Every structure is written in structure tokens, then in C-alpha cells.
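Engineer: Provided below are the primary sequence and the corresponding predicted coordinates.
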Amino acid sequence: MTRDESDKKDEFDLRDFLPFLLNQAAEESSLEFQRVYKDRYGMLRTEWRVLFHLGNYGEMTAKDIGLRAKTHKTKISRAVRKLEQRRFLQRLRDENDRRAERLSLTQSGQAAYRELRGIAQDYDAKLAAHFTNGEVVLLRMMLRRLAGMD
């Protein structure tokens, strides 16, 4: 490398690279909520996602949850097993497809979901308070578009 090349500043700024920024924002913004579901319920990220999908959409298969959450089936299976051990969900054989199981929350699972949903709503409002209402609407719209959810 010549002296001129080493003195030249790299034009690529990692701090402005969208995937890097999105990852940093996701990690930073989820830490406080992560502590809540981990400390109160001993849950990992995939477990609370499964819990929230069932709480939000009702009875589903593990495959449906994996597709919606964009999470690998082995992670979903592990989370389902842990939630079942805690008696937060139950499995029922699908009458139309004996290979499939329908998952639903138990009363304990519904109670945990309701509590965490309230905490999540409060936390979402706390994060949104950093922006104007218009900025929040725009941010949600742009993130949904990037996530392929629009």
C-alpha cells in the first residue's frame, strides 16, 4: 500500500450501514424488555415469541409460528418443549392431519401472556416517546417494509 492509499479515508462508514444500524437498534431497544421476560419467567427470546404468537393469534401449529416469526423449526420446537414443561401451552393432535399438532396457551400461559403484553405495550410507548407521533408512524411503516411485512 502506498503512502497516498494509507492516508485516504475509507468512505464506507459502518455506523451508517443500514443492516448494522438496524441490528444495533434492535439489540439496544430489546434489552430492557428481554430482562423482564427472562427474569420473571426464565424465558429465552424464541420462547416469548412463541408465547406471543399464541396469545396474539390463538391456536397455531409450530410450523405456522416458525413461518410468521421467521425462526428455524428447531428453535421453535425447543421453545415449544420448554413452554409445555412450564405448562404455558398444550399440544393437541390435528384431526385433519395426524402428523401435525395444534398448540394453544393454557390458563397459566394466557396469564403470562397478558402480563407480558401489558409490559410490552408500556415499553413500546416508552420507546415511541423518543419520537413525534408522525415519526413513529413513519418508522413503523419503514421497518415493516424492510421486514417484508407490508
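Structural biologist: Perfect, I can see it now. Numbering: from 1, shown residues only.

Engineer: switch to C-alpha atoms for all contacts and neighbour counts from now on
Structural biologist: Noted.

Engineer: any chance you could map the helices in this structure?
Structural biologist: Secondary structure of the chain by DSSP state H: the helices cover 3-7, 18-41, 45-57, 62-69, 73-85, 107-128, 133-146.

Engineer: point to the helix or strand of the protein where mean pLDDT is at its lowest.
Structural biologist: Lowest on mean pLDDT, DSSP states H and E among the helices and strands of the chain sits helix 3-7, with a mean of 56.

Engineer: does the residue nearest to Arg99 when sequence neighbours are not counted have beta-bridge partners, and which?
Structural biologist: Spatial nearest neighbour of Arg99, chain neighbours left out: Arg93 (7.5 Å); criterion: Cα to Cα, 6 or more residues apart in numbering. Beta-bridge pairing of Arg93 under DSSP bridges involves Glu101.

Engineer: Arg93 and Thr61 touch, don't they?
Structural biologist: No: proximity of Arg93 to Thr61 does not meet the contact threshold set by Cα atoms under 8 Å, at 10.0 Å.

Engineer: what residues are shared contacts of those two?
Structural biologist: Taking Cα atoms under 8 Å, 6 or more residues apart in numbering as the contact criterion, the common neighbours of Arg93 and Thr61 are Ala100, Glu101, Arg102.

Engineer: could you find the lowest-pLDDT member of these?
Structural biologist: Minimum pLDDT across these is recorded for Ala100, with 81.
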